[in-house]
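Quick one, fold the following:
(chains A, B, C and D)
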There are 2 protein chains.
Amino acid sequence: MSDELLRALDQAGVRLTGPRREIAALIAKRNGHFTAADLIADASKRRLGVGRATIFRLLDLLAEQGLVERVDLPDGRHAYVPCEPSHHHHLVCVACGAIAEVEDCGIDAVTAEASRRSGFTIDSHRLELFGRCPNCRSAN
Amino acid sequence: MSDELLRALDQAGVRLTGPRREIAALIAKRNGHFTAADLIADASKRRLGVGRATIFRLLDLLAEQGLVERVDLPDGRHAYVPCEPSHHHHLVCVACGAIAEVEDCGIDAVTAEASRRSGFTIDSHRLELFGRCPNCRSAN
DNA sequence: GCACACAATGAGACCCAGTATCAATCCCCC
DNA sequence: GGGGGATTGATACTGGGTCTCATTGTGTGC
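From the prediction side, this is the model:
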C-alpha cells in the first residue's frame, strides 16, 4: 500500500521518519483525490499527533518527486492525487472523486497546432478532464 | 479600451456603477493576465476608494459573462485574463505574462480518446499551455 | 552498537486570497 | 424628481498554506 510511496522516497534520499510513514499510510488508504484538509482531519481523528506543517511538507516532497500531483478542481479547490511519475493527465470523477490517469493521447498534436498558430514556444501544459466514472454513470 | 467590457456588462443587464467603470478601466489598462491582488493594488495606488469586495464581485460577474477567465498559473497562483466569451484555451507567456487565445484545435479528439480508454464520460476540461511568446523568445 | 551532525518535527503565530455581513449609498425606471 | 432594490465599502471572518524556532529523531561513520 504505502510501501510504494516510502520506497520511492527512500530512493530519492529522503529520510523515512515516523510521521512520514503515517502520512503515507493515510494517503495509501484513500483512493482517488484528497485535499490537504482531508489528511489533516484523518490525522487528527486518529490522534497521530502529526502537525499540519508536516503534512504540507510531505505533500511538497511527494509532488517534487512526481508521486503526487496537484489538480485544480472545477470549483477552484486544490486536491492531490497519487500517481505515477511519468507524464500523464487526470480524469476526475466529479461525483465520487475517483481518478483515472491517461497517458498522452494526442495532446502533443494540439500543443503543436497551438504553437504554430500563436508563435509561442510551449514548455509545459496542464490538462484536466472532468466527468463521471463508469460506476457513477451507471448508478445514476 | 474598457468600453467593450462595459458594453457587454450593460447588455447583460448589469448596472454600470462608478466603481465598476473604474475597475473595468484598470483591467483594460493591463494587457495579459493579472491577479485580483494586482487590481487591488492599482486601485489603492490611485486612491480610487473601491473596496476589495467590490473588485472580487466584479471579477465574479465578468467571469460569469465569460469576459474574463480564471487560469491557474504553474506556480499555483490564480490569475484572470480578459477574453472572448467563446470556448477556447489560453497560452500564457511565463516570461512577460502575455496571453494568447486558441480556439479548439483538436482537443475534442483527445477527450474522446481519453473517454474511450477510461470509460468516463467527460463533461468539461481545462487546458492551459505555458511557454514563451514571440517577443520574449527573440528577446532572450 | 554509539555518538553526533543535521534534517525533520510540531505548536503556534502569521499571511494572503477570498467571502459574509450590514448599514449607507447609488442607479435606473417611472 | 422620487422610490426601491441593487451595489458599495468597511470590517470581520474563514480556510489554505507558510514561517519560525526550540525540541526531537534519523542515518552515518566509526
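
Which pLDDT value goes with the spatially most central residue of chain A?
Nearest to the mean C-alpha position of chain A, by CA atoms, centre = their mean, lies residue A:81 at 2.1 Å. Reading off the confidence values, residue A:81 has pLDDT 90.

quick one, what contacts it?
Contact partners of residue A:81, counting by CB atoms under 8 Å, 6 or more residues apart in numbering or on different chains, are A:32, A:33, A:34, A:68, A:69, A:71, A:90, A:92, A:99. (C-beta placed from N, C-alpha, C; glycine too.)

can you map out the helices along chain A?
Along chain A, the segments classed as helices by DSSP state H run A:3-11, A:18-29, A:36-45, A:52-64, A:107-118, A:134-139.

Let's see if you can find the most crowded of the contacts of residue A:81.
residue A:92 (26 neighbours; other CB atoms under 10 Å in any protein chain shown).

Quick check: buried residues in the strand ranked longest in chain A?
With secondary structure taken from DSSP state E, chain A has its longest strand at strand A:121-132. The neighbour-count check on strand A:121-132 (16 or more other CB atoms under 10 Å in any protein chain shown) flags A:122, A:125, A:126, A:127, A:128, A:129, A:130, A:131, A:132 as buried.

Name the nearest of those relative to residue A:43.
residue A:128 (27.0 Å; CB to CB).

Do I have it right that the closest one meets residue A:72?
Yes - at 6.9 Å, residue A:128 counts as touching residue A:72 under the criterion of CB atoms under 8 Å.

Mutual contacts of those two, please.
Common contacts of residue A:128 and residue A:72, defined by CB under 8 Å, 6+ apart, comprise residue B:126.

how is chain A carved up into domains?
Using automatic domain parsing, the domain ranges for chain A come out as A:1-85, A:86-140.

Count the neighbours of the nearest residue to residue A:72 once chain neighbours are set aside for me.
Leaving aside its chain neighbours, residue A:72 sits nearest to residue B:72 (4.9 Å; criterion: CB to CB, 6 or more residues apart in numbering or on different chains). By other CB under 10 Å, the residues close to residue B:72 number 19.

who touches residue A:4 in this structure?
Contacts for residue A:4 (CB under 8 Å, 6+ apart) come out as residue A:28.

Same question for the one 10 residues further on.
If you count contacts by CB under 8 Å, 6+ apart, residue A:14 has them with A:20, A:61.

Pipe the buried residues of strand A:121-132 into a markdown table and attach pLDDT and distance to residue B:112 per row.
A markdown table is the format used below for the buried residues of strand A:121-132 (pLDDT from 0 to 100; distance: CB to CB, whole Å):
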| residue | pLDDT | distance to residue B:112 |
| --- | --- | --- |
| A:122 | 92 | 22 |
| A:125 | 88 | 18 |
| A:126 | 87 | 19 |
| A:127 | 89 | 14 |
| A:128 | 89 | 16 |
| A:129 | 91 | 11 |
| A:130 | 91 | 15 |
| A:131 | 92 | 12 |
| A:132 | 92 | 15 |
